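Asker: Any chance you can model this:
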Amino acid sequence: MSEIETRQFGNLHYRPEQVIHFAVGLPGFEECREFLLHEEPTMGPFVFLQSLSDPNLSFVTLPVERLEENYELTLSREDLAQLEAAELPTPDDVLCLAVLQLHPGGATANLAAPIVIRTSQRRGTQAIRQDRKYSANHPVRWQTAAAGQGGESCS
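Answerer: The predicted model follows:
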């Protein structure tokens, strides 16, 4: 078992098979290519994407279906290649996370560029949509976002 000392969560223990690999990193953080999904029981539905190369870097996310019930995922050929998929993975094999941004007046979520994780392959990418169907500043309603537990896939 491996271990990383993080700023937000202290020591995190993990097995190599829990690591999610991002072939090109995330926009603005291209050098960070390996992450862990971390959930804190006291933090409700939030999922933290913790970098293994930078212990100070952790993204706060929510499953997109907590924010948009019938979210429609689209992936480019490049996204599919990074996920090692020939076609859109099944909903059971995909976890879609929206990165949260906290503001003085509340929080927003980026539904225009979700983080997509193909769970069977432990591969991830940030799928930047080419259409304008969803906003990069989708308002977060805490009552809706906090309902239920556990991660959900998108269809």
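Asker: Contacts only, for the closest residue to residue 15 other than its chain neighbours.
Answerer: Closest residue to residue 15 apart from its sequence neighbours, by CB to CB, 6 or more residues apart in numbering: residue 1 at 5.9 Å. Yep, even glycine has a C-beta here, placed from its N, CA and C like the rest. Residue 1 makes contact with 13-15, according to CB atoms under 8 Å, 6 or more residues apart in numbering.
Asker: Closest to residue 90 out of the residues you listed?
Answerer: Using CB to CB, the shortest approach to residue 90 within these belongs to residue 15, at 24.5 Å.
Asker: The closest one - how many residues pack around it?
Answerer: 8 (other CB atoms under 10 Å).
Asker: Assess the claim that it and residue 2 are in contact.
Answerer: Yes. Using CB atoms under 8 Å, residue 15 is in contact with residue 2, at 7.3 Å.
Asker: residues of the lengthiest strand in the chain that come out buried?
Answerer: Identified as the longest strand of the chain according to DSSP state E is strand 94-103. For strand 94-103, the neighbour count (16 or more other CB atoms under 10 Å) marks 94-100 as buried.
Asker: Residue 100 bridge partners, please.
Answerer: Beta-bridge pairing of residue 100 under DSSP bridges involves residue 109.
Asker: In three-state terms, how would residue 79 be classified?
Answerer: helix (DSSP: H, G, I helix; E, B strand; the rest coil).
Asker: By mean pLDDT, which helix or strand of this structure comes out lowest?
Answerer: Least confident helix or strand of the chain, by mean pLDDT, DSSP states H and E, is helix 142-146 with a mean of 51.
Asker: residues contacting residue 22?
Answerer: 32-35, 82, 123-126.
Asker: can you count the residues close to residue 55?
Answerer: Residue 55: 15 surrounding residues under other CB under 10 Å.
Asker: do the same with residue 92
Answerer: Number of residues near residue 92 (other CB under 10 Å) recorded here: 8.
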